[in-house]
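Participant: Got a predicted model here, sequence first, then my questions.
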Protein chains: 2
Amino acid sequence: MRAEIIAVGSELVSGQSLDTNSQWLSRALGAMGIPVHFHTSLGDDLAENVQVFRIAAGRADVVITSGGLGPTQDDLTREALAAVAGVGLVEDPASLEAIRAMFARRNRVMSERNRVQALFPEGAEPLPNAIGTAPGIGMKVGGCLFFCLPGVPNEMKRMFDEQVAPRLRSSGLATRSIVHRKINMFGKGESEIEAEALDLTARGRVPEVGITASEATISFRIAAEADTEDEANRLIEPTVALIRERFGDLIVGEGAEDVVDALVRELKRTGRSIATAESCTGGLVARLITSVPGVSPHYPGGLVTYSAEAKSNLLDVPEALLKAHTAVSPEVAAEMARRVRERFRTDLGLSVTGIAGPDTDSPDHPVGLVYLGLSTPEETRTRKIELGPEQPRDVIQRRAAKQAINWARLTLRHFEDRPGFD
Amino acid sequence: MRAEIIAVGSELVSGQSLDTNSQWLSRALGAMGIPVHFHTSLGDDLAENVQVFRIAAGRADVVITSGGLGPTQDDLTREALAAVAGVGLVEDPASLEAIRAMFARRNRVMSERNRVQALFPEGAEPLPNAIGTAPGIGMKVGGCLFFCLPGVPNEMKRMFDEQVAPRLRSSGLATRSIVHRKINMFGKGESEIEAEALDLTARGRVPEVGITASEATISFRIAAEADTEDEANRLIEPTVALIRERFGDLIVGEGAEDVVDALVRELKRTGRSIATAESCTGGLVARLITSVPGVSPHYPGGLVTYSAEAKSNLLDVPEALLKAHTAVSPEVAAEMARRVRERFRTDLGLSVTGIAGPDTDSPDHPVGLVYLGLSTPEETRTRKIELGPEQPRDVIQRRAAKQAINWARLTLRHFEDRPGFD
């Protein structure tokens, strides 16, 4: 059993875009016990597409392609597949109807060019696309099963999960199960965590454990392989339990969960609410909190007070305080947190003020200097963090936002046993 | 002239690692006028390496491989290349000496296994590696020139620049320069833009123009090839001018610039200011605006009024209005835009209110229903947009934010010639 993944698009082979679809598809197939042996990328050239599809049909049992299904002249996947199969293209009325309906739902008229997206090689199976105009194609060519998906990552992923995976399972091609777990931590550096996990990351350990870092979130990745998913899960569970016990407070969640999901979980668990006042993060803390569905009972809103005037006009931070300490000070961070809690009538008020760069307003304020404020009805505290000066603006904003969110999370986590702060 | 790039490593096809070497090499070759037609990735399997190398030798003039040159048993590039060339492996004394010296400099003893790194296919040219133990290989196989480099990115890049690029130039293969431009548009769908650009995207046109889409931003990618970079730039310029003339208002920038960069450019050009009031986008509009450095004189801040109470308490949206029309209504969008403009004393007030999903508060409000409000001292208008219902929350939030930002941008763009709205 061998799979090949083909990514189509001139922007990939010219180096303008990075192909991340093939990695995602490799992991998805690997998790079903289907090993991927080849990735091929190529441009929008019909003869080359036909050649690459033909080679793949000769050396793989399953081929997944991404890209080349759009409505434009350089979308050639349909034609190339038909040529390799030695058949013509026919219009599928149901797919045409689905494309028309997609445009109608968006109150737009279908362009005549989109009609080509309803063309399929004779004998192929249309694969519905729930969130885009390009349907996919399923087709057996010789002994090889082709699945052609759009190149837009979220459409490609959803269609793989909804259309391709069930067909691979029902055809008996997906046999082994590999289970991955990813446990995410925030609040310590990668090398510190690694030093406390040498037994877990030792080579040859079963299940295998690796450490990765992304935007200051450190993750353990655990992988176990077995005949069934249940068995692989049973293999993995004791390691997950060991990590949870050892790293307790640092753990913010699993999979795609990050520190903000952990904050929302704590808000729901404790029934508390929070409001935000942001200067240098410019709405990023609010944006992260509201990216989590169902947070509205716990997050009435926040203020972005980017200018000094906004801090005094909208938050009532006294002008004298701003003059005496400047906007980048623990005094102003505390006042912002206290005032925003009062304005929104929440349990917690969280504030961020600092210098995201690339320029600064004063030699006393290096780029990356940030003050956080956290206010409860009992007390208001501040923290100074230094994230620069060599980091780019975006990294400083993201790290400041995550540290602010993590502080609120830890404070809520221990609200009952030690009311006050963490 | 065609190049192929081959990346060797089981961690690539299993999806554990993302191949970024091939993109870097594509750009480096493209800048020298050598167009890359194929990327292939494969695992550490000798028969498969031989097959892939043979296919590449048959369809490309230049092949660059990365990976598979280490000292371990799964490093197979040397053997595969020798098999394709039909020759044996011979030890190169100078390379062996360089490997020994590298270990000595690091105060380590060379392991016997590292000796294989001094083996080369008969007739191949060793390529010195200044910062690692693995020398590269240069070799002509039939009419095709192979360069095999290590997989470690900084070793690979340095060896390309120091060893491969000079050889490509002196062999006369690198004679041409390719220049890329990317022009980004927002406000129309891909197929609509394609319909107005059939002459530009026609196959065989010089310079070549392609269309890609990412998060509702549509881009023209233009590539021109010439003997020198200056000449390629001269070739590309008329096409850029034609696109700028034809798509005028839709164009938001070049390269990495998106709709928010265009808004900030208009704010700076007109000297105007804007404030934001967000419900369903939860701070994303503010976050996008404040991601651009230097925006502070034009953006004092914004409000995230996620709850109905916040809309009335912080923005003074009358409770009667909220009751009569609900928070997801043109009336409330208008009031939010007007009030936030007044609160922050700005020229423009921009608001977003709607249903980002996955759940909704009422059958009258399908997921993806969003109202935008834009207020100037003269007038306040609203727009209804429908982005769902099948799109995920994140996509709805991003599209709503970008549409809001684009409306403000277009309004500022025409502020002088037709005061009021776009």
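Facilitator: Great, that's in hand.
Participant: all contacts plus neighbour counts: C-alpha atoms, from now on.
Facilitator: Fine.
Participant: And chain A, what are its domain boundaries?
Facilitator: Structural domains assigned to chain A are A:3-170, A:177-254, A:259-413, following automatic domain parsing.
Participant: distance between the ends of the first one?
Facilitator: Taking Cα to Cα, to the nearest Å, domain A:3-170 runs 17 Å from one end to the other.
Participant: Quick one: mean pLDDT over that domain.
Facilitator: Domain A:3-170 shows a mean pLDDT of 94.
Participant: Can you list phi and psi of residue A:50 for me?
Facilitator: For residue A:50, the backbone dihedrals (degrees, to the nearest 10) come out as phi -60, psi -40.
Participant: quick one: contacts for it?
Facilitator: By Cα atoms under 8 Å, 6 or more residues apart in numbering or on different chains, residue A:50 lies in contact with A:80, A:81, A:83, A:84.
Participant: swap in residue A:351?
Facilitator: Residue A:351 makes contact with A:276, A:277, A:278, A:279, A:333, A:334, A:336, A:337, A:372, A:373, A:374, A:404 under the criterion Cα under 8 Å, 6+ apart.
Participant: secondary structure class for it?
Facilitator: strand (DSSP: H, G, I helix; E, B strand; the rest coil).
Participant: and what of residue A:64?
Facilitator: strand.
Participant: so who does the nearest residue to residue A:132 once chain neighbours are set aside touch?
Facilitator: Once flanking residues are discounted, residue A:132 sits nearest to residue A:155: 6.6 Å by Cα to Cα, 6 or more residues apart in numbering or on different chains. Applying Cα under 8 Å, 6+ apart to residue A:155 gives the contacts A:129, A:130, A:131, A:132.
Participant: Near chain B, which residues of the stretch 51-200 of chain A are found?
Facilitator: A:71-74, A:105-107, A:111, A:113-114, A:130-131, A:152 (Cα under 8 Å from any Cα of the partner chain).
Participant: And those residues, which of them are buried?
Facilitator: By neighbour count, with 16 or more other Cα atoms under 10 Å in any protein chain shown, those hold A:71, A:72, A:73, A:74, A:114, A:130, A:131, A:152 as buried.
Participant: Among those residues, which one sits closest to residue A:307?
Facilitator: Nearest to residue A:307 among those, counting by Cα to Cα, is residue A:152 at 38.5 Å.
Participant: what residues are up against that closest one?
Facilitator: A:67, B:214.
Participant: phi, psi of it?
Facilitator: According to degrees, to the nearest 10, residue A:152 has phi -60, psi 120.
Participant: what about the strands in the stretch 201-350 of chain A?
Facilitator: Taking DSSP state E, counting those that start in this stretch as the criterion, the stretch 201-350 of chain A contains strands spanning A:208-214, A:217-226, A:251-254, A:274-278, A:301-305, A:348-354.
Participant: Direction included, what does the last one pair against?
Facilitator: Translated: strand A:348-354. Looking at strand A:348-354 with DSSP bridges, its paired strands and their directions are strand A:274-278 (parallel), strand A:369-375 (antiparallel).
Participant: again, but for the third one
Facilitator: Partner strands and pairing direction for strand A:251-254 (DSSP bridges) are strand A:177-186 (antiparallel).
Participant: State the mean pLDDT of the partner strand.
Facilitator: Here the average pLDDT along strand A:177-186 is 89.
Participant: Tell me which residues of that strand come out buried.
Facilitator: In strand A:177-186, counting by 16+ other Cα under 10 Å, buried: A:177, A:178, A:179, A:180, A:181, A:182, A:183, A:184, A:185, A:186.
Participant: With stretch A:290-297 instead?
Facilitator: Under the neighbour-count rule (16+ other Cα under 10 Å), stretch A:290-297 has A:290, A:291, A:295 buried.
Participant: Ok, stretch A:311-320 next?
Facilitator: Buried, per 16+ other Cα under 10 Å, within stretch A:311-320: A:311, A:312, A:313, A:314, A:315, A:317.
Participant: returning to that earlier point: tell me which of the contacts of residue A:351 is nearest to residue A:7?
Facilitator: residue A:404 (40.0 Å).
Participant: where's the nearest residue to the closest one once chain neighbours are set aside relative to residue B:413, distance?
Facilitator: Nearest residue to residue A:404, sequence neighbours excluded (Cα to Cα, 6+ apart): residue A:372, at 6.3 Å. To residue B:413, residue A:372 is 38 Å away according to Cα to Cα.
Participant: Can you pick out the residue with more neighbours from the two?
Facilitator: Shown here are residue A:372 and residue B:413; by other Cα atoms under 10 Å in any protein chain shown, residue A:372 has more neighbours (29 against 22).
Participant: Show the contacting residues for that one.
Facilitator: Counting by Cα under 8 Å, 6+ apart, residue A:372 touches A:330, A:333, A:334, A:350, A:351, A:352, A:353, A:382, A:383, A:384, A:385, A:404.
Participant: quick one: secondary structure of the last one?
Facilitator: Okay, so that is residue A:404. helix.
Participant: Next, the contact list for it, please.
Facilitator: A:285, A:350, A:351, A:352, A:372.
Participant: Closest one of those residues to residue A:31?
Facilitator: Of all those, residue A:31 sits closest to residue A:285, with 34.4 Å by Cα to Cα.
Participant: Spatially nearest residue to the closest one, not counting backbone neighbours?
Facilitator: Closest to residue A:285 by Cα to Cα, 6+ apart is residue A:401, at 5.3 Å.
Participant: Test my guess that that neighbour contacts residue A:284.
Facilitator: Yes. If you go by Cα atoms under 8 Å, residue A:401 and residue A:284 touch, sitting 6.6 Å apart.
Participant: Could you tell me which of the contacts of residue A:372 count as buried?
Facilitator: Buried, going by 16+ other Cα under 10 Å: A:330, A:333, A:334, A:350, A:351, A:352, A:353, A:382, A:383, A:385, A:404, out of the contacts of residue A:372.
Participant: Show me which pair in the contacts of residue A:50 is furthest apart.
Facilitator: Farthest apart among the contacts of residue A:50 by Cα to Cα are A:80 and A:84. That separation is 6.3 Å.
Participant: Alright, calling it a day.
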